[in-house]
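>>> need a structure here:
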Amino acid sequence: MSNAAQTLECTVQDGIASLWLARPDQRNALDESLMAELTSAVRDLGDRPDVRVIVLGGRGKAFCAGADLNWMTRAAGYTREQNVEDVARLSTLLQTIDHVGKPTIARVHGACYAGATGLVAACDLAIAADDARFCFSEVRLGLVPATISPYVQRAMGYRASLQHMLTADVFDAATALRTGLVNEIAPVDQLDSRINTLAHALRSAGPRALAETKRLLRHIHGHPIDTRIIRDTIECIADARVSAEGVEGIRALLASEKPRWSGE
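Presented below is the predicted three-dimensional model:
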């Protein structure tokens with residue numbers, strides 16, 4: 001997957017898709033074009049049976065510095081209706097990442113500011129290099145981190161989200177780990193190795209089971225453990241047991257073999 005502007009790069013190897021924001025001279029800042037390309041790429045990868053895991057990273061010295069200044073300049077003259085349409089691009093991107101039926105891993109290094117934190121929070125897992133720095137900078141500009149807020153609050157919780165969004169402070173990878181924005185920290189020279197290990201671990205699982213686990217956790221998140229949720233979880237595992245993938249997984253376990261998932 002490539003494009004004339006070279007703002008996004010994609011490679012697929014051994015079932016692992018690596019998506020790279022490729023605007024290093026602009027610290028991979030987001031604009032209309034990059035968001036549209038990234039949304040399309042994630043959708044396409046989600047539909048490919050040969051892709052089992054999606055890793056999102058940034059070329060150069062930063063993961064993503066947030067909004068592109070040229071994009072912000074163009075948006076400064078928009079009407080409210082035009083702003084609604086414009087902001088919907090980021091909303092669609094985040095929702096696409098959140099709902100894609102493949103595990104997603106954010107590979108974070110260097111600057112991760114504003115909308116970029118939403119990309120991280122929308123991914124299933126996030127591994128940060130020890131040089132990563134995060135900031136919800138919107139309020140400094142008189143803006144609100146609205147579009148990213150559902151994903152960030154889900155990851156970080158209410159109190160931590162409120163603190164860092166109100167203060168717009170720059171915080172380090174250790175703070176991101178403590179508050180739940182990222183899952184792990186790795187030395188910058190070991191980041192790719194750790195992500196490769198994690199991606200291959202995910203790749204070994206049943207693709208349908210991974211997709212259903214993502215769907216189930218989204219479904220039950222924030223809901224009380226009531227009769228409906230209990231029934232939904234019972235039906236989920238019952239469906240999994242009788243699925244072709246579930247039958248193959250149990251067969252392989254009893255035979256002391258590696259399962260052969262569909263498409264392999």
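
>>> rest of the way, CA atoms for contacts and neighbours
Fine.

>>> can you give me the strands for the chain?
Ranges of strands in the chain, per DSSP state E, are 8-13, 16-21, 53-58, 104-108, 111-113, 125-129, 133-135, 171-172, 184-186.

>>> What strands line up against the first one, and which way round?
With DSSP bridges as the test, strand 8-13 is paired with strand 16-21 (antiparallel).

>>> what's the answer for the fourth one, then?
Strand 104-108 has the following strand partners under DSSP bridges: strand 53-58 (parallel), strand 125-129 (parallel).

>>> Likewise for the last one?
The strands that strand 184-186 pairs with in its sheet are strand 125-129 (parallel) (by DSSP bridges).

>>> what's the strand it pairs with in contact with?
Strand 125-129 is contacted by residues 103-110, 120, 173, 181-188, 191, 195 when judged by C-alpha atoms under 8 Å, 6 or more residues apart in numbering.

>>> thinking again about what came up before, would you turn the strands of the chain into TSV with mean neighbour count, distance to residue 250 and mean pLDDT?
Output for these, formatted as TSV (neighbours: other C-alpha atoms under 10 Å; distance: least, C-alpha to C-alpha, whole Å; pLDDT from 0 to 100):
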stretch	mean neighbour count	distance to residue 250	mean pLDDT
strand 8-13	16	27	96
strand 16-21	22	25	98
strand 53-58	24	23	98
strand 104-108	26	26	99
strand 111-113	25	42	98
strand 125-129	24	27	99
strand 133-135	23	43	98
strand 171-172	16	43	98
strand 184-186	20	31	98
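
>>> which one of these lies closest to residue 88?
strand 111-113 (18.8 Å; C-alpha to C-alpha).

>>> Which strands or helices does the closest one pack on?
strand 133-135 (3 or more C-alpha pairs under 8 Å, 6 or more residues apart in numbering; DSSP states H and E).

>>> Would you check how far apart residue 173 and residue 6 are?
Note on residue 173: its distance to residue 6, by C-alpha to C-alpha, to the nearest Å, is 29 Å.

>>> out of the two, which sits in the busier spot?
Ranked by neighbour count (other C-alpha atoms under 10 Å), residue 173 and residue 6 place residue 173 first, with 24 against 11.

>>> ok, now which ones touch that one?
128, 129, 130, 131, 132, 133, 134, 182, 185.

>>> now, which of these sits nearest residue 77?
For these, the nearest to residue 77 is residue 134 (28.3 Å; C-alpha to C-alpha).

>>> How about that closest one, nearest residue that isn't a chain neighbour?
Leaving aside its sequence neighbours, residue 134 sits nearest to residue 112 (C-alpha to C-alpha, 6 or more residues apart in numbering; 4.9 Å).

>>> Could I get the contacting residues of that neighbour?
62, 63, 64, 65, 66, 132, 133, 134, 135.

>>> Can you give me the end-to-end span of stretch 146-162?
12 Å.

>>> And the helices in the stretch 51-200 of the chain?
Along the stretch 51-200 of the chain, counting by DSSP state H, counting those that start in this stretch, helices occupy 69-75, 80-99, 115-122, 149-156, 158-167, 173-179, 191-203.

>>> want to try CSV for these, with mean pLDDT and distance to residue 233 as columns?
Shown next, in CSV, are those (pLDDT from 0 to 100; distance: least, C-alpha to C-alpha, whole Å):
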stretch, mean pLDDT, distance to residue 233
helix 69-75, 85, 44
helix 80-99, 95, 19
helix 115-122, 98, 23
helix 149-156, 98, 21
helix 158-167, 98, 27
helix 173-179, 98, 28
helix 191-203, 97, 22
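
>>> okay if I get the ones you listed as TSV plus distance to residue 232?
Listed next are the helices of the stretch 51-200 of the chain as TSV, based on distance: least, C-alpha to C-alpha, whole Å:
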stretch	distance to residue 232
helix 69-75	44
helix 80-99	19
helix 115-122	24
helix 149-156	22
helix 158-167	27
helix 173-179	30
helix 191-203	24
